[in-house]
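> need coordinates for the following:
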Amino acid sequence: WVQLVESGGGAVQPGGSLRLSCAASGDAINTYCMGWFRQAPGQERGGVARFQIGGTLSYADVVKGRFIISRDAAKNTLYLQMNNLKPEDTAMYYCAVDQWPCTWATPKYWGRGTQVIVSS
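Predicted coordinates for the structure are as follows:
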């Protein structure tokens, strides 16, 4: 069992930055891959940035060069630094974990999400 708690969302103007955090706790948390997903109103939830097996990073094309995913293993915390935010980044952002081999086809656990609104 794993618990994920996101924080750091909010409202920001286009071009601004936010840093999301995901505090993880539970059994064998260090054995999981962690990642960020998002869901905008009327759209399906999709991957934003994820760690894959071996520590490889994967980013959605629309966030490459603007978002950075990182993980502090000592604190069991996942981060998402979001820069140069655009209105189309507005969504509920979710933290998730997946088990080996971390295909992300069906993530094992989800957080409740944190809302990001990008608007002038």
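> any idea how many residues pack against residue 83?
Neighbours of residue 83 under the rule other Cβ atoms under 10 Å: 14. C-beta here means a position set from N, CA and C on the backbone, and glycine is covered the same way.
> typo on my end, it should be residue 120
Residue 120 has 7 neighbouring residues, counting by other Cβ under 10 Å.
> was I right about it contacting residue 12?
No. Counting by Cβ atoms under 8 Å, residue 120 sits too far from residue 12 to count as a contact (9.9 Å).
> give me the most central residue, the chain.
Nearest residue to the geometric centre of the chain (Cα atoms, centre = their mean): residue 36, 2.0 Å.
> residues in contact with it?
Contacts for residue 36 were tallied using Cβ atoms under 8 Å, 6 or more residues apart in numbering; they are 20, 22, 47-50, 69, 78, 80, 93-96.
> return the subset of the residues you listed lying in strands.
Judged by DSSP state E, strands contain the following of those: 20, 22, 47-50, 69, 78, 80, 93-96.
> follow-up on the earlier one: residue 87: which of the contacts of residue 36 is nearest?
Relative to residue 87, the closest of the contacts of residue 36 is residue 93; by Cβ to Cβ it sits at 15.0 Å.
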